[in-house]
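A.B. asks: predicted model and sequence follow; I will ask about them next.
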Amino acid sequence: MSTKRSWKLQEFVAHGGNVNCLSLGPKSGRVMVTGGDDRKVNMWAVGKPNCIMSLAGHNSPVECVRFSSSEELVAAGSQSGSLKIWDLEAAKIVRTLTGHKSNMRCLDFHPYGDFVASGSLDTNIKLWDVRRKGCIYTYTGHKDAVNCLRFSPDGKWIISAGEDGLIKLWDLTTGKMLQEFKHHRGPVTHVEFHPNEFLFASGSNDKTVKYWDLETFELVSSTAPGSSAVRCIEFHPDGNYLFSGTQDMMHVFGWEPVRCYDTFAMGWGKVADMAVANTQLIGAAFNQTNVSVHVVDLTRINKAGTVQEGASDLSNEELNKPPSPAKNPLSASGRKNFITDRPHTTSTKQRKEPQVKTQPRQSPTQDEPEEDNTPADIQDPSKYKEIFHPTKRLSHSPTRQEDPFPAPPDDEPAAAPVPRAAPPATAVSYHQPPPLAQPREMPAPAPTAAVPPTSRRSRSPPALNQKKVAEPKMVAKEQTMIIPSDRNEPAGLDMNAFLPPNMQGAREEAPSKRKQSESEVMESIQKGNTSMCAVLSSRRQNLDVIRAIWTAGDVKTALESAINMKDQAIVVDLLNILCLKRALWNLDLCVITLPKIKELITSKYENYVQTACTSLKLILKSFTGLINNNIRTPYQGVDISREERYNKCSKCYTYLLAMRGMVEERQHISGKMGSTFRELQLLLVQLE
């Protein structure tokens, strides 16, 4: 059976607030860190649903994160401009550095791990000494925010890309700018050094990738403009290819001559980072609170490639000249290679660099203490011990020889795209998995003449739409239909019930020979109107009762009264109000509402299902942590308040587990309801 070349590996809720940044481990590609509005940095093992550890300490949203080359340290920059560095093996903060005046946008570790560079919205680049706790130098020159920066493989240069469309190359020894590159026509989003040669690549919002020679400082080549901005780029570790990530696409490029080897439709949205893990490329993207991880099988890349139309090969004559003798080894293309071996030192003292002005350590802000010993919250001890404290080998990250992720089968009927051209009034039916698509024993369909007329149409197969009174199985199946909230006609009503006996069935049959008199018409209308007025009057009286209790400040009693009235419409109205007033929620309301939410999820009315899903989503986001903590550590001894809290959490946990299967079955619905159920499924996975 053939398998897919690219696929989505996983999607999960990464933070309590929106995710702002993420980074994959450059060494293994199997670990990932994320930062969010909840001011936390969470670490994950790629392919696993649970967080390994949560790193706290920032007092403002985390805007950028980055692993060190050995994956032993993680740096995170915040909205306030502060920088924190964690030792992952010790699971604690080792440095807090301040100095930027605005949001920190990008970070990178020196190849030898002793220095960190940061770029900010304040247009400055700062070089930090991790051991001395201070800023060594500030590089100024960009006119707008710094979007990306990278150390060269030999650790002698920094390259920075800015929102101003400029790329600047800086020399660490002199502290001066060596060269400025100006050919991009939009903000530059990403830059990467070639792993071996004196070459680097840049991606931009102008939808191109450009390649630059670091000996001549000339443009080597440029890809043709693509369909969307370049989000991130990554060289293959062997240096043979460059991977370019754009909106929902991934391209494989060569540069001499410039050509596109292959293109993959990824569906990852706005990809944030890529890394090569063994024979696979891992790409990660985030959207609101969710993070998705995608995989590309690199063994199935088309090696032939095609020359792009509109691409430019700008290699100049100097590249073809025989190079002058140099101590740097030459690559196959004739360029020098980076010498990446760490230089030997004979003294523990730091070498004095006379032309670099060491800046005094700036005092931390009030919300950023100089020494923060906040320990990391290790949420998956077994995985943490496996990565950072192995018993047989010294390794701080998964090895490159780890087995690749298995590829799913190429042809999956359930994964076919859902048509979007259906009219708003069309009923949306569940897409059941193939084994459950139809009952095994299906009675012969009744004659169509015996089917009572209805006012609702559906594109589902006829076997799911025909209503047979004598078949209880089919009646139960009809409950899996959801009536859209934006319908423009009554749903589920038998129009014959509103006609006199002698006129029933007249809508589908030939016109009756006898015309209905005016009095008979008025009588039919009055009959239905009286019944409807009685229902609405009763509902208004119930709402008045609920309003009186609510106004008195007793929300819990108001909700209990609404549930006891056995009217789902009233419960839905009350839940809609509670969803707008999140501060009113507590464990008591969760215990009361969860059984009713379970009923509403199975309703045939889309409005009811949507309200139930919104309420359930609010409960999961607000109380999952509290429920897990109480279930994990039951109370001991005599503690009445803790005992009550444990009992409430236990009830909520039971209700949520009961709903997990229902949500999982309904996540295959087409349209926005299916998306809502899939999001709920990701939240329910966090329950222990």
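C.D. replies: Received it, and whenever you're ready, just let me know what you need. Numbers count the residues shown, from 1 in each chain.
A.B. asks: surely residue 166 touches residue 185?
C.D. replies: No. Judged on CB atoms under 8 Å, residue 166 makes no contact with residue 185 at a distance of 11.6 Å. For the C-beta atoms, the positions are set from N, CA and C on the backbone; glycine is no exception.
A.B. asks: more neighbours, these two?
C.D. replies: Legend: neighbour count by other CB atoms under 10 Å for residue 166 and residue 185, higher for residue 166 (18 against 12).
A.B. asks: check contacts around the more buried one.
C.D. replies: By CB atoms under 8 Å, 6 or more residues apart in numbering, the residues touching residue 166 are 142-143, 180-182, 184, 188.
A.B. asks: filter the residues you listed down to just the ones in helices.
C.D. replies: Nothing among the contacts of residue 166 maps onto helices, per DSSP state H.
A.B. asks: nearest to residue 171, of those residues?
C.D. replies: Taking CB to CB as the measure, residue 171 sits nearest to residue 180 out of the contacts of residue 166, at 13.0 Å.
A.B. asks: so the closest residue to the closest one other than its chain neighbours is in which element?
C.D. replies: The shortest distance from residue 180 to any non-neighbouring residue, by CB to CB, 6 or more residues apart in numbering, is to residue 168 (5.4 Å). Assigned by DSSP states H and E, residue 168 belongs to strand 167-171.
A.B. asks: what residues sit buried inside that strand?
C.D. replies: Of all the residues in strand 167-171, those buried under the rule 16 or more other CB atoms under 10 Å are 167-170.
A.B. asks: neighbouring strands - and their directions - for it?
C.D. replies: Pairing partners of strand 167-171, with direction, according to DSSP bridges: strand 157-162 (antiparallel), strand 176-181 (antiparallel).
A.B. asks: now those strands as JSON lines including mean pLDDT and distance to residue 34?
C.D. replies: Output for the strands paired with strand 167-171, formatted as JSON lines (pLDDT from 0 to 100; distance: least, CB to CB, whole Å):
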{"stretch": "strand 157-162", "mean pLDDT": "94", "distance to residue 34": "22"}
{"stretch": "strand 176-181", "mean pLDDT": "91", "distance to residue 34": "31"}
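A.B. asks: tell me the most buried of those strands?
C.D. replies: Highest mean neighbour count of these: strand 157-162, a mean of 24 (counted as mean count of other CB atoms under 10 Å).
A.B. asks: give me phi/psi at the nearest residue to residue 685 once chain neighbours are set aside?
C.D. replies: The shortest distance from residue 685 to any non-neighbouring residue, by CB to CB, 6+ apart, is to residue 49 (5.5 Å). Here is the backbone geometry of residue 49 (degrees, to the nearest 10): phi -80, psi -20.
A.B. asks: what's the burial count for residue 49?
C.D. replies: Neighbours around residue 49, by other CB under 10 Å: 14.
A.B. asks: I'd guessed it sits against residue 10; true?
C.D. replies: Yes. The criterion here is CB under 8 Å, and residue 49 meets it with residue 10 at 6.8 Å.
A.B. asks: quick revisit: just the buried ones from the contacts of residue 166?
C.D. replies: Buried members of the contacts of residue 166, counted by 16+ other CB under 10 Å: 142, 181, 184, 188.
A.B. asks: any chance of the strands paired with strand 167-171 in TSV, plus distance to residue 281?
C.D. replies: Formatted as TSV, the strands paired with strand 167-171 follow (distance: least, CB to CB, whole Å):
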stretch	distance to residue 281
strand 157-162	22
strand 176-181	27
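A.B. asks: of those, which is nearest residue 636?
C.D. replies: strand 157-162 (55.4 Å).
A.B. asks: put the alpha carbons of the closest one into PDB.
C.D. replies: Output in PDB follows, covering the C-alpha atoms of strand 157-162 (Å, rounded to 0.1, in the frame of the first residue of the first chain):
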ATOM      1  CA  TRP A 157      29.500  36.700  12.400                       C
ATOM      2  CA  ILE A 158      25.800  37.600  13.000                       C
ATOM      3  CA  ILE A 159      23.400  38.100  10.200                       C
ATOM      4  CA  SER A 160      20.100  40.000  10.900                       C
ATOM      5  CA  ALA A 161      17.000  40.500   8.800                       C
ATOM      6  CA  GLY A 162      14.600  43.400   9.400                       C
END
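A.B. asks: circling back to that earlier point, who does the residue nearest to residue 180 bridge with?
C.D. replies: Residues in beta-bridge contact with residue 168 (DSSP bridges): residue 160, residue 180.
A.B. asks: quick one: it from residue 81, how far?
C.D. replies: Separation of residue 168 from residue 81 (CB to CB, to the nearest Å) stands at 21 Å.
A.B. asks: so which of the strands paired with strand 167-171 comes closest to residue 623?
C.D. replies: strand 157-162 (42.5 Å).
A.B. asks: list the contacts of that closest one.
C.D. replies: Contacts with strand 157-162, where a contact means CB under 8 Å, 6+ apart, come from 108, 117, 119, 123, 125, 127, 139, 142-152, 167-172, 178, 187-191, 193, 200, 202.
A.B. asks: next one: stretch 581-591
C.D. replies: Under CB under 8 Å, 6+ apart, the answer for stretch 581-591 is 555-556, 559, 578, 618-619, 622-623, 626, 645, 648-649, 651-652, 655.
A.B. asks: rerun that using 10 Å as the cut-off
C.D. replies: Residues from elsewhere that reach stretch 581-591 (CB atoms under 10 Å, 6 or more residues apart in numbering): 555-556, 559-560, 575, 577-579, 593, 597, 615-616, 618-619, 621-623, 626-627, 630, 644-645, 647-652, 655-656.
A.B. asks: do I have it right that residue 244 meets residue 203?
C.D. replies: Yes. Judged on CB atoms under 10 Å, residue 244 makes contact with residue 203 at a distance of 6.2 Å.
A.B. asks: overlap in contacts of these two?
C.D. replies: Common contacts of residue 244 and residue 203 (CB under 10 Å, 6+ apart): 190, 209, 223, 226, 230-233.
A.B. asks: about what we covered before: now the buried residues of strand 167-171 as TSV including pLDDT?
C.D. replies: Output for these, formatted as TSV (pLDDT from 0 to 100):
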residue	pLDDT
167	94
168	94
169	94
170	93
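A.B. asks: ok, residue 681 to residue 288 distance?
C.D. replies: On the measure of CB to CB, residue 681 and residue 288 end up 16 Å apart.
A.B. asks: cool, and residue 162?
C.D. replies: Distance from residue 162 to residue 288, by CB to CB: 27 Å.
A.B. asks: repeat for residue 149
C.D. replies: Taken as CB to CB, the span from residue 149 to residue 288 is 27 Å.
A.B. asks: next, residue 263: secondary structure please.
C.D. replies: Three-state call for residue 263 (DSSP: H, G, I helix; E, B strand; the rest coil): strand.
A.B. asks: which residues sit in contact with residue 156?
C.D. replies: Here residue 156 is in contact with 111, 170-173, 338-339 (CB under 10 Å, 6+ apart).
A.B. asks: for it, report the pLDDT, please.
C.D. replies: At residue 156, the predicted lDDT confidence score is 90.
A.B. asks: circling back to that earlier point, shared neighbours, residue 49 and residue 10?
C.D. replies: 682, 685.
A.B. asks: buried ones only from the shared contacts of residue 244 and residue 203, please, as a ChimeraX command.
C.D. replies: In ChimeraX, a selection of the buried entries from these looks like this (16+ other CB under 10 Å):
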select :190,209,223,226,230,231,232,233
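A.B. asks: what's the longest helix in this protein?
C.D. replies: Max-length helix for the chain by DSSP H is helix 518-551.
A.B. asks: for that helix, what is the distance to the chain centroid?
C.D. replies: Helix 518-551 sits 47 Å away from the centroid of its parent chain (CA atoms, centre = their mean, to the nearest Å).
A.B. asks: alpha carbons only: can I get the helix or strand just after it in PDB?
C.D. replies: Note on helix 518-551: by DSSP H and E, the next helix or strand toward the C-terminus is helix 555-564. Only the C-alpha atoms of helix 555-564 are listed here, as PDB (Å, rounded to 0.1, in the frame of the first residue of the first chain):
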ATOM      1  CA  VAL A 555     -26.900  32.400  39.900                       C
ATOM      2  CA  LYS A 556     -26.700  28.800  41.000                       C
ATOM      3  CA  THR A 557     -30.400  28.600  42.000                       C
ATOM      4  CA  ALA A 558     -31.400  30.300  38.800                       C
ATOM      5  CA  LEU A 559     -29.600  27.700  36.800                       C
ATOM      6  CA  GLU A 560     -31.000  24.800  38.800                       C
ATOM      7  CA  SER A 561     -34.500  26.200  38.300                       C
ATOM      8  CA  ALA A 562     -34.000  26.500  34.600                       C
ATOM      9  CA  ILE A 563     -32.900  22.900  34.400                       C
ATOM     10  CA  ASN A 564     -35.900  21.700  36.500                       C
END
